[in-house]
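> A predicted structure for the sequence below; I have some questions about it.
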Amino acid sequence: MRDAQLSFISRAAFEDFANKHPEVYKSLVTLIAARLRETDAVIAAGSFLPLRGRVACTLLELAQDFGQDVGSGRIVIRQKIGQSDLAAMAGIARENVSRILNDWMRRKFVSRLAGYYCLENRSALEREVEM
């Protein structure tokens with residue numbers, strides 16, 4: 001989604017650094033545990049949530065990562081994402097995403113502004129995840 005700059009550190013250099021700074025292991029374990037919890041949540045969502053819940057969960061995660069509060073509880077996702085992208089993230093067909101989003105737009109849960117999705121009613125989407 002964005003350009004990134006990557007660096008490489010050899011195993012020997014990392015181990016040397018970690019031996020001098022053992023607190024790095026605590027940080028790594030915390031990071032790995034958080035990633036594992038995220039992975040568990042994604043797997044659970046894909047296995048147990050209905051289609052609407054999967055799309056809602058995907059939009060809420062995007063809002064958490066890329067959202068900007070624009071007032072009155074509205075959150076704009078500051079990444080241009082298409083229905084095919086949402087479908088891939090939610091693990092469902094694009095046609096289903098289209099039907100769900102059209103319904104939510106009619107019900108004023110979500111809107112689309114200049115190619116960006118806007119969560120108009122976050123609590124309604126959260127309820128979709130809980131169902």
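Here it is on my side, so go on.
> once you drop chain neighbours, what's closest to residue 108?
In space, not counting the residues next to it along the chain, residue 108 is nearest to residue 120; the distance is 5.3 Å by C-beta to C-beta, 6 or more residues apart in numbering. Bear in mind the C-beta positions are built from the backbone N, C-alpha and C, glycine included.
> next one: residue 126
Here the nearest residue to residue 126 in space, its sequence neighbours aside, is residue 60; by C-beta to C-beta, 6+ apart that works out to 6.8 Å.
> wait, that neighbour touches residue 122, no?
Yes. Under the criterion of C-beta atoms under 8 Å, residue 60 lies in contact with residue 122, with a separation of 7.3 Å.
> distance of the residue sitting furthest away from the middle of the chain from residue 14?
Of all residues in the chain, residue 20 sits farthest from the chain's C-alpha centroid, using C-alpha atoms, centre = their mean; the distance is 35.8 Å. Taking C-beta to C-beta, to the nearest Å as the measure, residue 20 falls 11 Å from residue 14.
> please apply the same query to residue 96.
Remark: distance between residue 96 and residue 14 (C-beta to C-beta) = 44 Å.
> next one: residue 47
Counting by C-beta to C-beta, the gap from residue 47 to residue 14 is 35 Å.
> now do residue 88
Distance of residue 88 to residue 14, given as C-beta to C-beta: 33 Å.
> neighbour count: the two, which is higher?
The residue with the greater number of neighbours, taking residue 88 and residue 14 and applying other C-beta atoms under 10 Å, is residue 88; the counts read 14 against 11.
> does residue 84 touch residue 95 like I think?
No. With contacts counted by C-beta under 8 Å, residue 84 stays clear of residue 95, the gap being 10.4 Å.
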